[in-house]
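In: sequence unavailable; structure follows:
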Ligand SMILES: C[S@@+](CC[C@H](N)C(=O)[O-])C[C@H]1O[C@@H](n2cnc3c(N)ncnc32)[C@H](O)[C@@H]1O
């Protein structure tokens, strides 16, 4: 029986479209549904940005909306090799909130329009442990969402279904209002993957 190979399909598609990773397609699905990037988007913070496919996608959205004055800042503990207009990437750990604030200040940005996080810890394949580790890292992202996102700003955060998921969604709803918080599992995620996105619209 024919079995659709998601990994292979999106890997090939990413290569064809010049994306550094297939993560861009998940963001594309989220954008098609929730329209996060629009004509008002000028500043984006990308957490866990390496190798850079979501930054590539975001640049495409800026072009599509005819926005020439924009800034996309990417942060990752790994090196990123991207040379795109309006984009700066930094080797930094998200757990160092002072450094993140410094990066925004260096770029004369107080708060951003969009925060996207595809950050993931080194997974060990034990789903519950991986989920707990990611929620541990997201503890450091919460103050960033609260303090460095514009009030009308939007975010898209990758999480794993597992211990901590319900609590995370509830906390986001308490902070940002239930009607603004959505969840989505893009079809470009593998079925067996526990990945799901918490989105503020
Ligand atoms: C799935 S990859 C991101 C793919 C990327 N969004 C793209 O579109 O190309 C997850 C990233 O999270 C990063 N990461 C893990 N822990 C981090 C931390 N504490 N601070 C910053 N980045 C981190 C990893 O280095 C890795 O590059």
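Out: That came through fine. Note that the coordinates shown come from a computational prediction; the quantities given were computed from them, not determined experimentally.
In: for the closest residue to the ligand within the chain, which non-adjacent residue is closest in space?
Out: Using C-beta to the nearest ligand atom, the closest approach of the chain to the ligand is made by residue 48 at 2.9 Å. All C-beta atoms are positioned from the backbone trio N, CA, C, and that covers glycine. Leaving aside its sequence neighbours, residue 48 sits nearest to residue 119 (C-beta to C-beta, 6 or more residues apart in numbering; 2.9 Å).
In: the residue of the chain closest to the ligand and residue 115 touch, don't they?
Out: No: taking contacts as C-beta atoms under 8 Å, residue 48 lies outside contact range of residue 115: 11.2 Å.
In: pull the distance from the strand ranked longest in the chain to the chain's centre.
Out: Determined from DSSP state E, the single longest strand within the chain is strand 149-160. The chain centre lies 8 Å from the centre of strand 149-160; the measure is C-alpha atoms, centre = their mean, to the nearest Å.
In: stretch 26-44 too?
Out: On C-alpha atoms, centre = their mean, the centre of stretch 26-44 falls 11 Å from that of its chain.
In: got the end-to-end distance for that stretch?
Out: One end of stretch 26-44 to the other measures 17 Å (C-alpha to C-alpha, to the nearest Å).
In: one more: stretch 104-114?
Out: 13 Å.
In: close to the ligand, is the worst-scoring helix or strand of the chain on mean pLDDT?
Out: Ranked by mean pLDDT, DSSP states H and E, the weakest helix or strand in the chain is helix 6-17, scoring a mean of 77. No: against the ligand, helix 6-17 shows no contacts by C-beta under 6 Å from any ligand atom, the least distance being 9.5 Å.
In: which strands and helices sit next to that helix?
Out: helix 23-34 (3 or more C-beta pairs under 8 Å, 6 or more residues apart in numbering; DSSP states H and E).
In: which residues touch the helix it packs on?
Out: 10, 13-14, 17, 19, 36-37, 53-54, 56-58, 61, 116, 118, 154, 156, 182, 184, 186-189, 195, 197, 199, 201 (C-beta atoms under 8 Å, 6 or more residues apart in numbering).
In: this structure against the ligand: which residues are in contact?
Out: Residues of the chain found near the ligand (C-beta under 6 Å from any ligand atom) are 20-21, 23-24, 48-54, 75-78, 93-95, 118-121, 137.
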